[in-house]
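Undergrad: Next input, structure requested:
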Amino acid sequence: MNPIAVAVIAKNAEWSYLHSLHNLKAAFPEGEAVISTSAKWSYHYAKDILQAPFPLGEKAIAKDVGYYKLYKSLFPKPAFFTY
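TA: Okay, the predicted model is just below:
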């Protein structure tokens, strides 16, 4: 993929998640920093892409009661939850 397109996608959490899900069908390290700023996209990235805890996004998830409960039900012993 064009490096400019990757750079643009990597600046938006939703686009990064969707690129990872539909195009790469794998993790998208370039977009993880922006994904981690959103509880919603961090949760979905962990559940759908990584199928494992996403420590970088856990701080955002911890601030959202709904996603926190969903995340804890998927990953009962997450990497963190000291926030």
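
Undergrad: wait, doesn't Ile61 sit right on Lys72?
TA: No - if you go by CB atoms under 8 Å, Ile61 and Lys72 don't touch, sitting 9.0 Å apart. Where you see a C-beta, it was placed from the backbone N, CA and C, and this is true even at glycine.

Undergrad: Show me which of these two is the more surrounded one.
TA: Using other CB atoms under 10 Å as the criterion, Ile61 and Lys72 rank with Ile61 on top: 29 against 14.

Undergrad: So for the helix or strand where the more buried one lies, mean pLDDT?
TA: Assigned by DSSP states H and E, Ile61 belongs to helix 58-62. Throughout helix 58-62, pLDDT has a mean value of 95.

Undergrad: The very next helix or strand once past it - contacts with which helices or strands?
TA: Next helix or strand after helix 58-62 toward the C-terminus (DSSP H and E): helix 65-74. Contacts defined by 3 or more CB pairs under 8 Å, 6 or more residues apart in numbering; DSSP states H and E place helix 65-74 against helix 39-44, helix 58-62.

Undergrad: how distant is helix 65-74 from the center of its chain?
TA: Computed by CA atoms, centre = their mean, to the nearest Å, the chain-centroid distance of helix 65-74 equals 13 Å.

Undergrad: what comes into contact with that helix?
TA: 39-40, 42-43, 46-47, 58, 61-62, 78, 81 (CB atoms under 8 Å, 6 or more residues apart in numbering).

Undergrad: Could you dump the residues you listed into CSV and include distance to Ile9?
TA: Listed next are the contacts of helix 65-74 as CSV, based on distance: CB to CB, whole Å:
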residue, distance to Ile9
Ala39, 20
Lys40, 17
Ser42, 17
Tyr43, 19
Ala46, 19
Lys47, 20
Glu58, 23
Ile61, 22
Ala62, 26
Pro78, 27
Phe81, 29
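
Undergrad: which pair in these spans the largest distance?
TA: Greatest spacing in the contacts of helix 65-74, by CB to CB: Lys40 and Phe81 (17.8 Å).

Undergrad: between the two, who's got more neighbours?
TA: Neighbour count, other CB under 10 Å: between Lys40 and Phe81, Lys40 has more, with 17 against 14.
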